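Visitor: With the input below, show me the fold.
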Amino acid sequence: MLAIRELPIEAITIYPSNSFDGIEILFRANNHTFQFLIGNSKNHFPINVKHVFKEKAICPFCQKKILAVPLGQQLCLEFQKNLPALLQYFQEEYPDAF
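Guide: This is a model prediction of the structure:
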C-alpha cells in the first residue's frame, strides 16, 4: 500500500475537465507524470490514475512497463488501490481547487 503523504508529489496542475463533469489533476511523483481523474464537480469521487510518460519506462509504483503517451496512458494499479487517500490528499493540500 502506498503511503500517499510520504510520496514526493510535485508539479501539480488542477483543472476542470473538458471531457466530463469533474476535475483532472496532473502531478509528478518519482520523476514520472500521472493523471488523476475525479468525477462530479460537486460531490467528488476518484475515477482513476493513468501514467502519462513521455518515454518508455517502468512505473516505480506498479512495476508495469509503460510506453510513451498516448499509448502509455494505462492505469497505475498501485495508485488505483489508493484512490480515496489520493483524493483526500489533494482536497486537504489544495482546498481552493475543489
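Visitor: Against Phe20, how distant is the most centrally placed residue in the chain?
Guide: Central residue of the chain (C-alpha atoms, centre = their mean): Phe36, 3.0 Å from the mean position. With distances taken as C-beta to C-beta, to the nearest Å, Phe36 is found 13 Å from Phe20. (Each C-beta comes from the backbone N, C-alpha and C, glycine too.)
Visitor: now do Val49
Guide: 15 Å.
Visitor: And the two? Which one has more around it.
Guide: Val49 (24 against 14; other C-beta atoms under 10 Å).
Visitor: a strand runs through that one, doesn't it?
Guide: Yes. According to DSSP: H, G, I helix; E, B strand; the rest coil, Val49 belongs to a strand.
Visitor: Each with direction, which strands does the one helix or strand the residue nearest to the centre of the chain maps to pair with?
Guide: If you go by DSSP states H and E, Phe36 is part of strand 32-39. When pairing is defined by DSSP bridges, strand 32-39 lines up against strand 22-29 (antiparallel), strand 45-51 (antiparallel).
Visitor: Averaged pLDDT, the first one. What do you get?
Guide: Which is strand 22-29. Averaging pLDDT along strand 22-29 gives 96.
Visitor: Can I get it in CSV, CA atoms only?
Guide: Listed next in CSV are the C-alpha coordinates belonging to strand 22-29 (Å, rounded to 0.1, in the frame of the first residue of the first chain):
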residue,chain,number,x,y,z
GLY,A,22,-15.2,16.6,-12.9
ILE,A,23,-11.6,17.5,-12.2
GLU,A,24,-8.3,16.4,-13.7
ILE,A,25,-5.0,16.6,-11.8
LEU,A,26,-1.6,16.2,-13.4
PHE,A,27,1.2,15.5,-10.9
ARG,A,28,4.7,14.2,-10.8
ALA,A,29,6.0,11.5,-8.4
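Visitor: so where's the chain uncertain?
Guide: 1 (pLDDT under 70).
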